[in-house]
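Engineer: Need coordinates for the below:
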Amino acid sequence: MDAIALLDWLLEHEVNALLRVDADRGGVRPWTFHATNGEWFVRVDAFSSDECLEKALKALADHGLVPPDALAY
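Structural biologist: Predicted structure coming up:
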């Protein structure tokens, strides 16, 4: 599952989310994923986009959100 597909899927499930890359961090975990539905939130920081997506999927699974394509990731 790619990041855009994940964001689309989260939108369909009424979850607010963003994926950000912050060059001002000087290469120290510049990727951030944040999601919330008003009752819970997740935030992960990572060194690469792939690592960020992997961590985000694991964090979302802790809240019972497992996109169908995530099982293959």
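Engineer: make it CA atoms for all contacts and neighbour counts henceforth
Structural biologist: Will do.
Engineer: Which stretches in the chain count as strands?
Structural biologist: 16-21, 31-36, 41-46 (DSSP state E).
Engineer: Would you format these as a markdown table with mean neighbour count included?
Structural biologist: As requested, the strands of the chain are exported to a markdown table (neighbours: other CA atoms under 10 Å):
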| stretch | mean neighbour count |
| --- | --- |
| strand 16-21 | 16 |
| strand 31-36 | 19 |
| strand 41-46 | 18 |
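Engineer: now the ones you listed in a markdown table, with distance to Leu53 and mean pLDDT?
Structural biologist: Below are the strands of the chain laid out as a markdown table (distance: least, CA to CA, whole Å; pLDDT from 0 to 100):
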| stretch | distance to Leu53 | mean pLDDT |
| --- | --- | --- |
| strand 16-21 | 9 | 97 |
| strand 31-36 | 8 | 98 |
| strand 41-46 | 9 | 97 |
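Engineer: what's the average pLDDT for the longest helix seen in the chain?
Structural biologist: Longest helix of the chain, by residue count under DSSP state H: helix 49-61. Averaging pLDDT along helix 49-61 yields 96.
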